[in-house]
Each structure stands twice: as structure tokens, then as C-alpha cells.
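take this sequence and fold it.
(chains A and B)
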Amino acid sequence: MIFLRRQVPLLITLISGLVFAAQYYVPHPVSEQMLTSVTKWLQIIGGFALVLGVSSLFHVHAVKIRRKEAGWGYSFVLYVSMLGTIAVGLWSNGKEAVDGTMTAFGWVYNFMMVPLQGTMFAILAFFIASAAYRSFRARSREAAVLLIAAVIVMMGRVPLGEYLIPLSGDLSQWILNVLNASVRRAILIGVSLGTVALSIKIIFGMERSYLGGGKE
Amino acid sequence: MNRDNARSACGAILPVAITLCLSVSSVFAQTSLAPPQDLRAFDTPSDGGGSLTVLWSPASYDNAATRYQVLLGEETAVPDPAAMQVVAEFPANQHYVRESKWPWWTRPATGDQHQFTLRNGRGVELKDGTAYSITVAAVRSDVREIATPVQATPQPNWINWNQMNNLMLALLFGGIVFYAIGTARKREIFLRRIPGLAAVDEAIGRATELGKPILYLTGAHDMSDPSTIAAAVILGRVAKRTAAYGTDLLVPHRDPITMAVCQEITKQAYLEAGKPDLYKDDSNFFITSDQFSYTAAVDGIMLRKKPAANFFMGSYFAEALLLTETGASTGAIQIAGTDSDHQLPFFVTTCDYTLIGEELYAASAYLSREPVQVGTLRGQDIGKALILGVLGIGTILATLGIMLDAQWPQLFLDLFKDVK
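Numbers count the residues shown, from 1 in each chain, chains lettered A, B, ... in the order given. This is a model prediction of the structure:
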């Protein structure tokens, strides 16, 4: 049992890790085809895994409704919305429009899903304002530096700001292209090395906790 | 009078002489147009097929006024160049080997040679295994000089030699990591304090005192992303401590496979903590794969359940600020760790502690203190020192190369070019 739960997954990880690391250096169409096939396999597995996810979602909310936990009404709304969307989707054969006419499924997507997504995204503007207000209060030396840099960049990025402070355009470009870009690249170098190191640990079985922890 | 005659004679002769000179030079220039020399065509090395490369020598007429045409034909038996298809045309002072992306170890000719690579697309269809005739014509005004056609066959290659520097560096880095792990097994390695990770215990302790749950997010990507794997690994360490303290753990997911993996990790953590009875299957649950629907659901959880500590590990996009700002409004202690550099400002602004970039990958080592993990960190540090050294030396050499107009710095610079 341990062999199936531990050794086999580790062996699969080792072989596929090495094969796909090597694939990067092989331009032959066979290699590309292999990558495409595996990507398709992943999509198929992802499709099956969605059943797992949806069953988890149903289970969690069914428990909430059964126990009448706080906010169980939202779970009820979720159930109604999900079952309603599935029914409408099946009825419309999964098509949003037929011969240029919007189906019920298309209506649900265009007039319910899209506006709701747009609303969530639009809230971001207000959240940026509140987060900026909190951060830009010059309570420390670092916050003051952040405030000054942000004001220069903001002024330099809008025509009115550059008109009022002509130097702000060049200065904001310098902040973005020199200071900001160099720090970002330094972070990316660290991230890349971290990624490679983690990959080495996983491929050679030194990092196994993603299999469910344990050292046996 | 004689002087006047002489002057007028000179005045008449001079324009004639200048015109004659210009005519002679023009005629000389026209006649100097010759067929391109040393024409070579071959399968483009280190590619997936469907491509041919043509090389030819520079000529005295290489200037913007003259143009080169690359001609292609499928007939291989003594083709008629005039019947061949023009697949590319460009000024004669362009397309040199030195302008190509080939590093010095795969360059098929010296930098002063002309080169053109034919690829599938834009009216060109090259089939692997089929022989083609290729030639180059030099064109100026109505004059066209065509070189003798040569044959070549495109083939797919098994090894991309252009990326050998990448492979060498990957092997070198791998070797350094293994060496560092070996060293870490023999002696203890110092780890600098990472405030964000040192605060994990504090956050869990606070949640325990308040009797509130802990919210842990693994990011927007699936298990194929290293940042999600790192987040899952850290979840194991966090779950072990929540199990020890008996604190509730909530882990909403965007990906069902990540959810299944995290369920296993959490279960194992509770087992290792000696509290298997406290483990709940529902602690890891799936919400949706949709970005903003997920965000709305998690924001709702934050506002209704008011977790005392929020962990944001992994990769994030536009939802980062929506999540963390909501979390901040509930007064929760927030710890973020991400390699999404574009979202870092939002995390730094709204979270109490942020693990920046590589610190996310260091978290596992920091929390476990296992020699293998710590050794990997040391390997990363040596790698960074190496890159820093290369950056310094490369900057000096590139500057010297420009100042001295020398090509030799390229030998070093090419080694570290396009390493991705």
C-alpha cells in the first residue's frame, strides 16, 4: 500500500519531471506533440476533477442548509442559481445564441454573470483608493518615500500633471524604468531560482509534502 | 585675351569633365553589380523543421540602393532562376549573421556574412524531407544578377544547441543545490529571520485566543504552478499548528485538483500533530474557478466568519486587492506570500506581513528547518551570488565591447543571453 501511495507517485514524478525538463531542449515535432498530448490529458483530468469540486460545493452548502447555520439563505440561493443555470444550459444545448437569437443560457450569462463580474471588478477602483489612502499617510520614512514616488509617478502619467510639473514626466519614467524595473528584475531572478530549486526538490523526491506529508 | 580664352575653355571643359566622371563612375557602379558569391543553403539547425537558412558573402555593392532577393523553387534539377518565386526582398546592407540570434557556438559563418532564414508562413510552405532550390539575386534599378541556385532540404532536429548555455547553467545550479544540501546535512546553516514566517505562530495563536478560524488561500493557479505547490507545502506546516492549537482552518479553493491535494496534506498534518479526530474534510472546499465569483465568495466568508488570520499564498491577479482589503477591514492579521510581482504592491499595502517572491519558496525550509530544505536555500543564495557576479562582469564587458569596438566580450555575453 505504501508502495502505491509513495514510491509509485515519486517514480512517476521523477520520470515525467526529467522527460519534460529535457523536452524543453528538443525542438523535434515528436517532442512538441508529446507536450500537446499531455496538456490535453491535463485538461481531461481537470474536467473530471470538476465533478469532485462541484460535489464538494454541493456537500458543504447542503450541510449548511440542513443545520440552518448562519447565512444558510445564501447557500439556498447558490443551490437555486446553480441548478437553474444547469437546467437552462441543458435546455439551450449549452449554446448562448442560435441563428443570432440569444438563448436563455446566453441571457443568464450576458445579463447576470457578466454584470456581476463587472461589478466585482469595478469595486477594485474604490479598494485602490482606500488602500492608497491608508498606505500614503506619511507615518514613517518608508511611507513618505512611497508617497513622494507615487505623487511623482501619478503626475507624470497624466497630461495635466505633466503640464503643471514639466519635470514629472521624465522623472516618473526614470522611477519606473530604472528604480522599479531593477527591483522587479531582482525579485524575478529570486523567484526563478526558487522555482528551479523547488522543481529539483520535487523531481528528486526531496519535497514530498504535496503528496500528503509524512516521511515514511 | 588669352587668359580669358583659357578661362572660358576651362569653364566649358570642367562641367564636361565632371559629367564624364559621374557617367564613368555610374557605369562602373552599374557594371560592378555581380551575382552574390559563396551562396550556401542548409537546413536551419536546432529547430523543429520547416525552415532553411541561406548564407552568402558580403559584396562591394552592399548599400541601401541595392537590394537582395531570396528566390525559392521546388524543382531541384537545374532550375530556371527566373521562374523561381521571390520570397523575400530587403536592402543589401541588412541581414548579416552578426544581427542574427545565433550564439557564437552555433553560428554557421562569420558575422560579416549575409544570412536569411526561410520559415513557413507568408506564402512560403516548406515541407520537411523535400528538397528545394534556393538562390539570391542582387537587384539595382533594372539590373538583376542571380547566383547559381543551390539545394537544401528542411529537417526537424532533435537538439536545440542554441539553448545549451541554459542546460549548462541548469545543471550547474542543480549541482550547487545538491552540494548545499550535502553541506547542510553536515553542519547547521544560519537562516535570517523572515518576519512574515515568524508571525505565523503569532497569527495562529491570536486566532486560537479569539476562538475564530484561520483562512488560508492557495492562489489562482493549479498544481502545475510552483507557487501553488509552495502554498500547499506551507499549508501543511500551518495545518500542523492549527491542529496542535485546535483552531478551525478554512481553505477555499479555485481548482478541484488543488483541493484534493490540499485535503491530503491537511489530513496528514493533523495525523502528524496527533489530532486526527480534529480533522474535517470540509476544511478544504471548492468554490468556483471563476475569478470574481471566487473573490465574492471569499469576501463573504471573511465578512461573515471574521477569521482572525488570513493567509494569501501563491499566485494572484486582480482579485488580490479585493481579498486583502476586505480582510484588512475585518481586522484580521494578514500574511501574504506571492511570486506575482505585479500584485506585490497591493499585498505590501494591505497585509501585515508579505513574503516577497523567493521568500514564498523559502517558507517551507524556514518552517521545517530540515537540512534538505535549508540546504536548498543555501543553494539558491549561491546561485544568486553567481548571477550577481555575472551581472557585474557582463556590464563591464559590454561597456568595454562598445568602447573598444571589440567582438571578444560577446564570447562571455552570449553564454548568459536568452537564459529563460
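
regarding residue B:154, what is its secondary structure?
Three states are possible here, and by DSSP: H, G, I helix; E, B strand; the rest coil the one that applies to residue B:154 is coil.

that one contacts residue B:51, correct?
Yes - look at residue B:154 against residue B:51 with CB atoms under 8 Å: they come within range, at 5.8 Å. To be clear about C-beta, it is placed using only N, CA and C from the backbone, and glycine gets the same treatment.

list residues touching both of the two?
With contacts taken as CB atoms under 8 Å, 6 or more residues apart in numbering or on different chains, residue B:154 and residue B:51 have B:43, B:44, B:126 as neighbours in common.

roughly how far apart are the second one and residue B:162?
Here the distance between residue B:44 and residue B:162 works out to 11 Å (CB to CB, to the nearest Å).

what's the longest helix in chain B?
Secondary structure assigned by DSSP state H gives helix B:371-404 as the longest helix of chain B.

that one and chain A in contact?
Yes - judged by CB under 8 Å from any CB of the partner chain, helix B:371-404 and chain A are in contact via B:372, B:373, B:376, B:377, B:379, B:380, B:383, B:384, B:387.

just checking, what packs against that helix?
Counting by 3 or more CB pairs under 8 Å, 6 or more residues apart in numbering or on different chains; DSSP states H and E, the packing neighbours recorded for helix B:371-404 are helix A:181-203, helix B:164-186, helix B:358-368, helix B:409-413.

residues of that helix that come out buried?
B:371-383, B:387, B:390, B:394, B:397, B:401 (16 or more other CB atoms under 10 Å in any protein chain shown).

with stretch B:52-65 instead?
Buried residues in stretch B:52-65, defined by neighbour count with 16+ other CB under 10 Å: B:52, B:53, B:54, B:55, B:56, B:58, B:59, B:61, B:62.

what of stretch B:347-364?
Judged by neighbour count (16+ other CB under 10 Å), stretch B:347-364 contains these buried residues: B:347, B:349-364.

go on, stretch B:277-297?
In terms of neighbour count (16+ other CB under 10 Å), stretch B:277-297 has its buried residues at B:278-279, B:283-289, B:291-297.

contacts for it, please.
With CB under 8 Å, 6+ apart as the test, stretch B:277-297 has contacts from A:50, A:52-54, A:56-57, A:59-60, A:63, A:116-117, A:120-121, B:220, B:243, B:246, B:248-256, B:259, B:262-263, B:266-267, B:270-271, B:298, B:317-319, B:322-323.

over to the closest residue to residue B:154 other than its chain neighbours: give its phi and psi.
Take residue B:154 and drop its neighbours on the chain: the residue closest to it by CB to CB, 6 or more residues apart in numbering or on different chains is residue B:126, 4.8 Å away. Reported as degrees, to the nearest 10, the phi and psi values for residue B:126 are phi -100, psi 120.

shouldn't residue B:126 be in contact with residue B:52?
Yes - taking CB under 8 Å as the definition, residue B:126 is a contact partner of residue B:52 at 6.3 Å.

return every residue with contacts to both of these two.
The overlap between the contact sets of residue B:126 and residue B:52 (CB under 8 Å, 6+ apart) consists of B:118, B:132, B:154.

could I get those residues as CSV with pLDDT?
As requested, the shared contacts of residue B:126 and residue B:52 are exported to CSV (pLDDT from 0 to 100):
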residue, pLDDT
B:118, 94
B:132, 93
B:154, 96
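
out of those, the closest to chain A would be?
Using CB to the nearest CB, residue B:154 comes nearest to chain A of the shared contacts of residue B:126 and residue B:52, at 11.9 Å.

list the contacts of residue B:56.
Residues near residue B:56 by CB under 8 Å, 6+ apart: B:36, B:37, B:38, B:39, B:40, B:113, B:114, B:136, B:147.

which pair in those spans the largest distance?
When CB to CB is used, the two most widely separated members of the contacts of residue B:56 are B:113 and B:147, lying 13.7 Å apart.

please enumerate the helices of the stretch 51-200 of chain B.
All helices of the stretch 51-200 of chain B, identified by DSSP state H, counting those that start in this stretch, fall at B:164-186, B:195-210.

who touches the shortest one?
To tie it back to what came earlier, the one meant is helix B:195-210. Residues from elsewhere that reach helix B:195-210, judged by CB under 8 Å, 6+ apart: B:213-214, B:237-238, B:241-242, B:245-247, B:307-309, B:311, B:333, B:335-337, B:352-355, B:359, B:363, B:366-367.

next one: the first one
Defining contact as CB under 8 Å, 6+ apart, one finds that helix B:164-186 is touched by A:21, A:24-25, A:193, A:196-197, A:200, A:206, B:103, B:105, B:189, B:371-372, B:374-380, B:382-383, B:386, B:414-420.

apart from its neighbours in sequence, what residue is nearest residue B:68?
Nearest one to residue B:68, counting by CB to CB, 6+ apart, is residue B:92 at 5.3 Å.

what distance do you get for the one you found to chain A?
From residue B:92 over to chain A the distance is 31 Å, taken as CB to the nearest CB, to the nearest Å.

phi and psi next, for that residue.
Recorded main-chain torsions at residue B:92 are phi -70, psi -10, according to degrees, to the nearest 10.

more neighbours: residue B:154 and residue B:51, which one.
residue B:154 (23 against 20; other CB atoms under 10 Å in any protein chain shown).

quick one: contacts for the more buried one?
Shown in contact with residue B:154 (CB under 8 Å, 6+ apart): B:43, B:44, B:49, B:50, B:51, B:52, B:126, B:127, B:128, B:129, B:130, B:132.

now, the residues you listed that are in strands?
Helix and strand membership here follows DSSP state E; of these, those in strands are B:43, B:51, B:52, B:132.

so which elements touch the longest helix belonging to chain A?
With DSSP H setting the assignment, residue counts place helix A:29-67 as the longest helix in chain A. With contacts defined as 3+ CB pairs under 8 Å, 6+ apart, helix A:29-67 has these neighbours: helix A:8-23, helix A:72-91, helix B:256-272, strand B:284-286.

for the record, mean pLDDT for that helix?
Summarised as a single mean, pLDDT over helix A:29-67 is 93.

buried residues, that helix. List them.
Residues of helix A:29-67 classed as buried under the neighbour-count rule (16+ other CB under 10 Å) are A:31, A:49, A:53, A:56, A:57, A:58, A:60, A:61, A:64.

other residues contacting stretch A:124-133?
A:150, B:318, B:321, B:322, B:325, B:328, B:346, B:349, B:350.

of these, closest to residue A:83?
Out of the contacts of stretch A:124-133, the one with the shortest distance to residue A:83 is residue B:322. That distance is 27.4 Å, counting by CB to CB.

and that closest one, that's in a strand?
No - counting by three-state DSSP, residue B:322 is located in no strand; its state is helix.

now do it against residue B:291, distance only.
Residue B:322 sits at a distance of 10 Å from residue B:291 (criterion: CB to CB).

repeat for residue A:76
24 Å.

any low-confidence regions in the chain?
All of this is about chain A. A:1, A:138, A:212-216 (pLDDT under 70).

sorry, I should have been clearer: chain B.
Using pLDDT under 70, the flagged stretches of chain B are B:1-31, B:75-79, B:418-420.

up against chain A, what does the stretch 101-250 of chain B have?
By CB under 8 Å from any CB, the residues of the stretch 101-250 of chain B that approach chain A are B:156-160, B:163-164, B:166-167, B:170, B:173-174, B:177, B:181, B:222-224, B:226-227, B:229-230, B:232-233, B:236.
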